[in-house]
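Novice: Here is a sequence with its predicted model. Questions after.
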Amino acid sequence: MDSFGSDFSSGAAGSGKMDSGTIMEQVKVQIAVANAQELLQRMTDKCFKKCVGKPGGSLDNSEQKCIAMCMDRYMDAWNTVSRAYNSRLQRERARI
Amino acid sequence: MDPQLQQFIEVESQKQRFQQLVHQMTDVCWEKCMDKPGPKLDSRTETCFVNCVERFIDTSQFILNRLEQTQRGRGSLTESMSD
């Protein structure tokens, strides 16, 4: 994490307090945070729908177990989709 | 603009478009492929997700192609939407 300024700074970033390297790193972090939030939001939506029936006074044990499994399966699904999409893109690019 | 910044923006934008589509397809394909979440993703379900991605992209391409064809005959899309 010590490369914030050293790889990107060109000295041409002007007199601002942050050089473009730092800005780029910060933007990447923001993007990663936004993606994590999106993932969590959709995962919560899906797992609530699958695991919680008529809402009671608390989440019972079976609901919690279901939600835990659902989270893992959602991640599995996300990774599967990501790989499949990537393969498809490679295939599309290969037939120029 | 700093050319390095320009390239950074292009690369990150493309990465984001990819991420967004993965989010969207996972969402849509979950509805189609997932029954009750189990202790692991069985191969039938995994195959369903893979097929779902392929068919989603096929659908997107189909729509673009057909739109292009019908637009040649009927003028702009917005004209044909006006009723």
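Specialist: Received the coordinates, thanks.
Novice: how about low-confidence regions in chain A?
Specialist: A:1-17 (pLDDT under 70).
Novice: got the residues of it near chain B?
Specialist: A:8, A:10, A:12-13, A:20, A:23-24, A:27-28, A:31, A:35, A:38-39, A:42, A:46-47, A:50-51, A:66, A:69-70, A:72-74, A:76-78, A:80-82, A:84-86, A:88-89 (Cβ under 8 Å from any Cβ of the partner chain). Placement of C-beta: from N, CA and C, glycine included.
Novice: Pull out the buried members of the residues you listed.
Specialist: A:8, A:13, A:20, A:23-24, A:35, A:38-39, A:42, A:46-47, A:50-51, A:66, A:69-70, A:73-74, A:76-78, A:80-82, A:84-85, A:88 (16 or more other Cβ atoms under 10 Å in any protein chain shown).
Novice: So which of those sit within helices?
Specialist: Within those, residues falling in helices by DSSP state H are A:20, A:23-24, A:35, A:38-39, A:42, A:46-47, A:50-51, A:66, A:69-70, A:73-74, A:76-78, A:80-82, A:84-85, A:88.
Novice: Distance of residue A:29 relative to chain B?
Specialist: In this view, residue A:29 and chain B are 12 Å apart by Cβ to the nearest Cβ, to the nearest Å.
Novice: What is the neighbour count of that residue?
Specialist: 10 (other Cβ atoms under 10 Å in any protein chain shown).
Novice: could you list every residue that touches it?
Specialist: Neighbour list for residue A:29: empty [criterion: Cβ atoms under 8 Å, 6 or more residues apart in numbering or on different chains].
Novice: quick check, distance from the helix or strand where it lies to the centre of its chain.
Specialist: Counting by DSSP states H and E, the element that carries residue A:29 is helix A:20-51. Distance of helix A:20-51 from the chain centroid (Cα atoms, centre = their mean, to the nearest Å) equals 4 Å.
Novice: Residue B:53 contacts residue A:85, doesn't it?
Specialist: Yes: Residue B:53 is in contact with residue A:85 according to Cβ atoms under 8 Å; the separation is 5.4 Å.
Novice: Touching both of those two, which residues are there?
Specialist: residue B:25.
Novice: Chain B: helices as residue ranges?
Specialist: B:3-33, B:43-74, B:77-80.
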